[in-house]
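Novice: starting from these lines, generate the structure:
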Amino acid sequence: MLASQPSPTSWIICRFAAEAATIAGVGASFLVPTAPPASAPGAQSDSFSLSWSSTIPSLGTCVYFALTGKVTYTTVKQSILWSGATHIKYVISQPTVAKPNLVVTYKNYSSYSGCYSAGTADGLTVAQHWTGYSCNLNPSFSVGVPFSVGVGFWPTCSDRNQATFKSTYSVKNMKSFTQSRDTSYVRFNTVSDIDAKPTAPCYGAFINGALVQDLGGDAVEKTFSTSAKKVCLTPTW
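Specialist: Down below sits the predicted model:
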């Protein structure tokens, strides 16, 4: 017995279906573009070294502050699909002030000589504060202890939300004080833009507190406060 053969009609239907599927597949490749993968994330950092001084004539002391560290972050350049077209997204991910180190030193002061030889202090309260440098940059952030978050004075603006690391140290004739902790950090929010590199943010820091000197058996305390200084990122993609 001969095997049955497909009818001319069924052969035409099968061929038409195969061609339709091929055409549909080709069409889909044009109508639904596939975004290329993101570029490899780039770990970057910007080091900073900020310094201030404050003269307190009534205590016969000049106080010097040196704040050093780095801001770490990751940059990503990513192709994304949006409104049926491919766009480039630029990302600065999680800028983090990591383990900032603040060193406080002293010099003696007189109205005649100004700040001269190395000095000491008998007590110190000192705090470093971080947020956006300009008054219109108010980033969100998280912190690592002993940093805390709160609203307070900022040198160039009204009260602002900021991260603060505060220490109090009471030792007679101390030559210097170092404020540092391995767990300390300030992590700012991620910054991104589409089809344009985002404006690199500048963060700000300032120092305030109080100095104590033993003058004739009396502990006398005077406050100090510095200007704000900026730390700007320099990302590359």
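Novice: switch to C-alpha atoms for all contacts and neighbour counts from now on
Specialist: Will do.
Novice: now the strands for the protein?
Specialist: Assigned by DSSP state E, the strands in the chain fall at 42-56, 61-82, 85-110, 114-118, 123-132, 141-144, 148-154, 157-169, 176-179, 185-188, 191-194, 202-215, 218-225, 229-232.
Novice: how close does the residue nearest the centre of the chain sit to S148?
Specialist: Nearest residue to the geometric centre of the chain (Cα atoms, centre = their mean): P95, 3.5 Å. P95 is 17 Å from S148, where distance means Cα to Cα, to the nearest Å.
Novice: I figured the residue nearest to the centre of the chain was touching V71, is that so?
Specialist: Yes. Counting by Cα atoms under 8 Å, P95 touches V71, with 6.2 Å between them.
Novice: re earlier: using TSV, lay out the strands of the chain together with mean pLDDT.
Specialist: Shown next, in TSV, are the strands of the chain (pLDDT from 0 to 100):
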stretch	mean pLDDT
strand 42-56	97
strand 61-82	96
strand 85-110	97
strand 114-118	97
strand 123-132	98
strand 141-144	98
strand 148-154	97
strand 157-169	96
strand 176-179	98
strand 185-188	98
strand 191-194	96
strand 202-215	98
strand 218-225	97
strand 229-232	98
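Novice: flag every buried residue along stretch 57-65.
Specialist: By 16 or more other Cα atoms under 10 Å, the buried positions in stretch 57-65 come out as 59-65.
Novice: let me redo that: stretch 75-93
Specialist: For stretch 75-93, using 16+ other Cα under 10 Å, the buried residues are 75-80, 87-93.
Novice: same thing with stretch 188-200?
Specialist: Buried-residue list, stretch 188-200, by 16+ other Cα under 10 Å: 188, 190-192, 197.
Novice: try stretch 139-148
Specialist: Of all the residues in stretch 139-148, those buried under the rule 16+ other Cα under 10 Å are 139, 141, 143-144, 146-148.
Novice: and these, which is closest to S170?
Specialist: Ranked by distance to S170 (Cα to Cα), these are led by P146 at 18.5 Å.
Novice: how long is stretch 211-228 from one end to the other?
Specialist: 19 Å.
Novice: ok, and what's touching that stretch?
Specialist: Outside stretch 211-228, the residues that touch it by Cα atoms under 8 Å, 6 or more residues apart in numbering are 52-54, 56, 59, 121-125, 133, 154-156, 204-210.
Novice: rerun that using 7 Å as the cut-off
Specialist: Contact with stretch 211-228 is made by 52, 54, 59, 121-125, 155, 204-210, as judged by Cα atoms under 7 Å, 6 or more residues apart in numbering.
Novice: just the buried residues from these, in ChimeraX please.
Specialist: Command for ChimeraX that selects the buried part of the contacts of stretch 211-228, burial taken from 16+ other Cα under 10 Å:
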select :52,54,59,121,122,123,124,125,204,205,206,207,208,209
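Novice: quick one on the thing from earlier: so which pair among the buried residues of stretch 139-148 is furthest apart in space?
Specialist: P139 and P146 (19.7 Å).
Novice: tell me the contacts of K70?
Specialist: Residues near K70 by Cα under 7 Å, 6+ apart: 45-48, 97-98.
Novice: distance-wise, check it relative to D159.
Specialist: According to Cα to Cα, K70 and D159 sit 26 Å apart.
Novice: hang on, the earlier thing: using JSON lines, lay out the contacts of K70 together with distance to L233 and neighbour count.
Specialist: Below are the contacts of K70 laid out as JSON lines (distance: Cα to Cα, whole Å; neighbours: other Cα atoms under 10 Å):
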{"residue": "S45", "distance to L233": "8", "neighbour count": "18"}
{"residue": "D46", "distance to L233": "6", "neighbour count": "16"}
{"residue": "S47", "distance to L233": "9", "neighbour count": "13"}
{"residue": "F48", "distance to L233": "10", "neighbour count": "15"}
{"residue": "V97", "distance to L233": "11", "neighbour count": "24"}
{"residue": "A98", "distance to L233": "14", "neighbour count": "19"}
